[in-house]
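Participant: sequence plus predicted model, see below.
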Amino acid sequence: MRHRFTRAARIAGVVATAAVLAAACSSSKKSSDGGTGNGGGDKVTLRIGLFGTFGLKDAGLYAQYSKLHPNVKIVEDDVELSSDYYKSLQTHLAANSGLDDIQGIEIGFVADIVANHADQFVDFNTVPNAAQVKSTFYDWKWGMATTQDGKTVGLGTDAGPEAVCYRPSLLKKAGLPTDRASLAKQWSTWDDLVAFGKKYESAPGKQANSHFIDSASSIFSAAVYQGQTAYDDAGGKPIPETSDGIKSAWRFASQAAQAKLTAGLDQFTTPWNQAFANGAFATISCPAWMLGYITSEAGQAVSGDWDVAPLPGGAANWGGSWLGVPKASKHQKAAEDLVTWLTAPEQQVAMWTSQQHFPSSSTAAADPKVAGAKSEYFNNAPIGEIFGESAGKLKRTPIGPYDTQIQQAFTTALLTVANNGKSPDDAFKDALKNIKEVVGD
Amino acid sequence: MTVTTRPPTAAEQATPGPPSRRPRRRRRSALGSRAAYAYVAPFFVLFAAFSLYPFIYTAWVSLHEVNLSNPDQMKWTGFGNYTKLLHNEFFWNALKNTITIGIISTVPQLCMALGLAHLLNYKLRGRMFFRVAMLMPFATSIVASTLIFAQLFGRDYGLLNWVLQEVGLHRIDWTSGHWTSQIAISAIVTWRWTGFNTLIYLAGMQSIPTDLYEAATIDGASRWQQFRHVTIPGLRATIMFTIVISTIGATQLFGEPLLFAGDGKTTGGASHQFQTLGLLMYQQGWTNFHLGQAAATAWMIFLVIIIVVLINAGLARGRTRGET
């Protein structure tokens, strides 16, 4: 074989190998290059980077926008897990390259973007009609994506006002009331809810192997946002030891865990998913987006045997996202227009009716299609009214870059109270140790 | 590759023949050796780019405080990350877990593999089928097998607990318990790697001359005696190899505990009861964003691997010397 190659061929071979290697090392982001236009009537391809089930495409909004603006083509890059998405967004932001024209921003990392990368995003206070755009959003939603010197890194898509979802049939077996109005009275505070849960657990007729609530984190992650502060002080610095929200939320949640009111499940794991269909718990605190989750996990067999009642202790929010435009985008103007349109009240109403994503726009939430919405699956509960009331009462608690990890430290510690018989004080110390690992000393 | 660089002797020069033949051949050979470098270059270029560079860069990063959010801003801390790690209870916990899971997965795994290989080495009907079947778990993706095992070990709806209950025993909360969770994870590792090691042992056994077995049989040795006195000594090098490979694998254990916890949780259980060193490193870097700390942990894992392999090698050598 060797003899057939001439010197020239050998050299060519080496060069070719080197070229292939070089190409392999530099190919990465070629595919994301969009059209060549600059927004002015030319063909524009806008790439929109999202995670999980944003649902913009499924709601038909891209198709609708392309019909209105035939020169705009929208391409979605979707990553399933928001944590994976966040990691790649972080690397792209650090390198300031490889960014899409529009990037989804989740509540778990909006504080990081606001604190560390606000200069890399278009400030939505400077777009045309900024004041008018701002007036359609809930103040707290706008505020969460705004820096201390008043730059807004993105426009809100959905929000997660919270309520309690429950199984009327399970409460009935335990001889407890099942209608929304009396439940709202019976568990108007978290102390009441814990007392109510104890009644459930001691009821002789309760369904075997069922518990009152899915997990202690159901209580904790809702109640923590009802304090003056949740995980951080006004400057976004974590204050796990002193926050009033954490203190009271921990008290309620650890009481419930210790009294064995919970099914001891770790939320968003397979056993938790399976428990929905098996009727292993009677209540769960549910942000608006959880309704869709419950429907798909619990299945049509229990349609009508779910209901929604207001959250104890006042309003709280869990989850929600924004859309931001990186300044690195070549089609900044076109991207701004698209984001403004996608998050406008009419589109947020469409997102609610087709995907059950609750609007972060107060204008949209007041629309009869949202405010008057009822859900058949949830026993015709006036879900629009319940979640709308919660969203309207929300006040903004400061957020920080480590909220996701801090919340996880507490909810994990609560699991050891429920499942390993750890004392709440020891578990709290464990959580603080874990948090110290995250935020440093 | 034959390299003929020796100068032609006078006799050779005097030999009549095609004058260009010798020098031409010599030139081609020299060029041939240079071309050889080009042929092996891709491996070394890739090795340098994807192994050596990250290796050294990790060491450099481990001497800094770096946040995943701003990886460009590196703050020099010297060996700060290492001293912090040595004073960190989570590190010692992870090290302990890695060792215990390593032992309860590797030891039964290698013993079973040795036994199975011995059985498969006999003339069995359908031997080929069993040999291929052995490798099936290894060919299954780690994600698929772990997810299925996690279901089997489920507290409320797991098959194992159902069986336990049927035979009148208590249900076990596999994931929450310290030892139960480690046993569950070891079961996954054992299931996955036993077949692989079996095949390695089998290959080693087939290189042991059959005369030895025949001689042993004539001497009246039982199968067990044959196994102890012929097979095991003949496999010493192979056993050493599998021990080293399993040790490295056990020290780096990551996928199984990560997936066993579910939902991408990196704590290795609510009280870190099955957090391995690999998982701790991942948590530090990608959950807690402390890249410098994670890099330091990566280097500590490397050191641990070297130490454990050296201990193993020392033990094996000591045994060999003691027996011969």
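Facilitator: That came through fine.

Participant: which residue packs closest to the closest residue to chain A within the stretch 201-324 of chain B, ignoring adjacent ones?
Facilitator: Relative to chain A, the nearest point of the stretch 201-324 of chain B is B:Gly262 (3.6 Å; CB to the nearest CB). For the C-beta atoms, the positions are set from N, CA and C on the backbone; glycine is no exception. Spatially, and ignoring its direct neighbours in sequence, B:Gly262 is nearest to A:Thr269 (3.6 Å; CB to CB, 6 or more residues apart in numbering or on different chains).

Participant: wait, that neighbour touches B:Leu259, no?
Facilitator: No: between A:Thr269 and B:Leu259 there is no contact under CB atoms under 8 Å: 10.9 Å.

Participant: higher neighbour count, those two?
Facilitator: Taking other CB atoms under 10 Å in any protein chain shown, A:Thr269 and B:Leu259 do not tie; B:Leu259 has more neighbours (21 against 18).

Participant: tell me who's in contact with that one.
Facilitator: By CB atoms under 8 Å, 6 or more residues apart in numbering or on different chains, the residues touching B:Leu259 are B:142-143, B:146-147, B:150.

Participant: and the pLDDT for the residue most central in space within chain B?
Facilitator: The centroid of chain B falls nearest to B:Gly249 when counting by CA atoms, centre = their mean (3.2 Å). pLDDT recorded at B:Gly249 is 92.

Participant: equivalent analysis for A:Ala12, please.
Facilitator: In this model, A:Ala12 is scored at 48, pLDDT.

Participant: so which of the contacts of B:Leu259 would count as near chain A as well?
Facilitator: Contacts with chain A within the contacts of B:Leu259, as defined by CB under 8 Å from any CB of the partner chain: B:147, B:150.

Participant: buried ones among the contacts of B:Leu259?
Facilitator: Neighbour counting by 16 or more other CB atoms under 10 Å in any protein chain shown classes B:146, B:150 among these as buried.

Participant: quick check: residues of the stretch 1-150 of chain B near chain A?
Facilitator: Proximity of the stretch 1-150 of chain B to chain A (CB under 8 Å from any CB) is limited to residues B:31-32, B:35, B:38, B:41-42, B:45-46, B:49, B:68-72, B:88-90, B:147, B:150.

Participant: next step: these restricted to strands.
Facilitator: Assignment to strands by DSSP state E places the following of the residues of the stretch 1-150 of chain B next to chain A there: B:70-72.

Participant: tell me how far the closest residue to chain A within the stretch 1-150 of chain B lies from B:Ala49.
Facilitator: Among all residues of the stretch 1-150 of chain B, B:Ala38 sits closest to chain A, at 4.4 Å; criterion: CB to the nearest CB. The gap separating B:Ala38 from B:Ala49 is 17 Å, by CB to CB, to the nearest Å.

Participant: swap in B:Gly80?
Facilitator: Here B:Gly80 is placed at a distance of 29 Å from B:Ala49 (CB to CB).

Participant: looking at the two, which is more packed in?
Facilitator: In terms of neighbours (other CB under 10 Å), B:Gly80 is the more surrounded of B:Gly80 and B:Ala49; the figures are 17 against 13.

Participant: look up phi and psi at that one.
Facilitator: When read as degrees, to the nearest 10, the backbone of B:Gly80 gives phi -50, psi -40.

Participant: need the nearest residue in space to it, chain neighbours excluded.
Facilitator: B:Glu65 (7.4 Å).

Participant: before we move on, the earlier item: what's around the residue of the stretch 201-324 of chain B closest to chain A, how many residues?
Facilitator: If you count neighbours by other CB under 10 Å, B:Gly262 ends up with 18.

Participant: likewise B:Gln273?
Facilitator: 21.
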